[in-house]
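[1] sequence unknown, structure follows:
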């Protein structure tokens with residue numbers, strides 16, 4: 001198996017830049033990720049790093065449930081995920097999943113050990129067959145009524161429970177999921193991609209092996225579900241020594257297009273930057289903040305932070321000349337003053353604990 005990664009695509013995934021982050025963090029004894037999506041940075045941690053305390057948080061119940069399910073019952077999660085790309089099934093399961101959102105999040109927040117492998121398996125299979133972002137985002141007029149998928153446009157009584165055949169109209173007051181063609185490219189994505197040389201075991205065995213490997217990696221990772229600030233208290237950070245904090249909040253100018261997290265707001269990016277300004281001089285915190293050039297984070301440079309420019313992989317809308325192509329070249333990661341200066345030897349990277 002190749003380098004460990006999440007089995008689903010993620011808007012704004014940071015796998016390409018994970019090595020740079022770990023070079024700047026070093027082998028820190030404590031790691032915290034308040035906005036956990038694909039887990040690219042966590043999963044990209046060098047294998048040579050010793051066992052450490054790691055805490056992640058996600059505001060979207062589907063992602064949190066998936067990781068909990070993989071950690072506690074990868075076999076059952078794999079069984080629910082192992083399904084062909086069938087448009088009718090994608091739409092039916094999508095509509096069903098949207099109906100689970102609020103109750104799932106309440107259960108996750110009410111019980112730290114709760115997980116649902118069926119929801120996890122159907123969600124990961126669906127997001128792998130979905131074109132672009134927005135799976136289960138809740139932005140469509142199609143709902144399930146009397147066992148049939150129907151268009152409820154003009155009827156606002158079922159807002160929050162529908163899907164779209166296309167991108168939502170601006171005038172649609174309701175919320176739901178987007179009904180459209182599934183991803184059918186030759187290579188596929190995530191668990192749906194072609195896997196050569198799997199012998200008689202087939203894709204089901206491959207998925208189960210993949211989830212099992214993920215479960216082993218996540219066995220001791222603490223997965224929280226709630227507000228991002230809950231991960232950043234002293235008891236979860238510096239009380240355990242030098243702490244690497246990877247912050248990848250919803251980008252300020254793309255929140256309305258992506259709706260990645262359940263509590264997206266126009267202020268979260270600014271709130272995170274404010275936290276960085278207040279805590280950036282703590283020598284025990286090695287902070288990495290993701291964002292776009294020009295989003296406002298450049299203000300950190302006046303306080304000793306440094307910026308690393310990189311380009312994200314192109315997406316479905318990332319053709320040359322489009323806004324997606326332009327934005328992917330605006331990617332920046334801002335590192336706090338305590339991060340490793342790559343021109344100076346670091347105690348952690350030298351295998352010593354300060």
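    Perfect, I can see it now. Just so it is clear, the structure is predicted and the values come from calculations on it, not from any experiment.
[2] which residues of the stretch 1-150 of the chain fall in helices?
    Secondary structure of the stretch 1-150 of the chain by DSSP state H, counting those that start in this stretch: the helices cover 18-25, 40-43, 61-72, 74-81, 87-98, 101-110, 117-128.
[3] what angle separates the fourth one from helix 117-128?
    So the one you mean is helix 74-81. Angle of helix 74-81 versus helix 117-128, following axes from the mean of the first three to the mean of the last three C-alpha atoms, to 10 degrees, is 50 degrees.
[4] now the third one
    Relative orientation of helix 61-72 with respect to helix 117-128: 120 degrees, computed using the same axes, to 10 degrees.
[5] picking up where we left off before, and residue 330, which of the helices of the stretch 1-150 of the chain is closest to it?
    Comparison of the helices of the stretch 1-150 of the chain against residue 330 by C-beta to C-beta identifies helix 18-25 as nearest, at 16.5 Å. No exception for glycine: its C-beta is placed from N, CA and C like everyone else's.
[6] residue contacts, the residue nearest to residue 224 when sequence neighbours are not counted?
    Once flanking residues are discounted, residue 224 sits nearest to residue 57: 4.2 Å by C-beta to C-beta, 6 or more residues apart in numbering. Applying C-beta atoms under 8 Å, 6 or more residues apart in numbering, we find residue 57 in contact with 33-36, 223-226, 228, 230-231.
[7] for residue 57, give its distance to residue 230.
    For residue 57, the distance to residue 230 equals 7 Å [C-beta to C-beta, to the nearest Å].
[8] ok, now residue 250?
    Using C-beta to C-beta, residue 250 is found at 17 Å from residue 230.
[9] more crowded one of those two?
    More neighbours surround residue 250 than the other of residue 250 and residue 230, with 24 against 13 (other C-beta atoms under 10 Å).
[10] just confirm that one is within a helix.
    No - per DSSP: H, G, I helix; E, B strand; the rest coil, residue 250 lies outside any helix segment and is coil.
[11] ok, it to residue 64 distance?
    Per C-beta to C-beta, residue 250 is found 16 Å from residue 64.
[12] following the longest strand belonging to the chain, which helix or strand comes up?
    Criterion DSSP state E: the longest strand present in the chain is strand 285-292. From strand 285-292 onward toward the C-terminus, using DSSP states H and E, the following helix or strand is strand 306-309.
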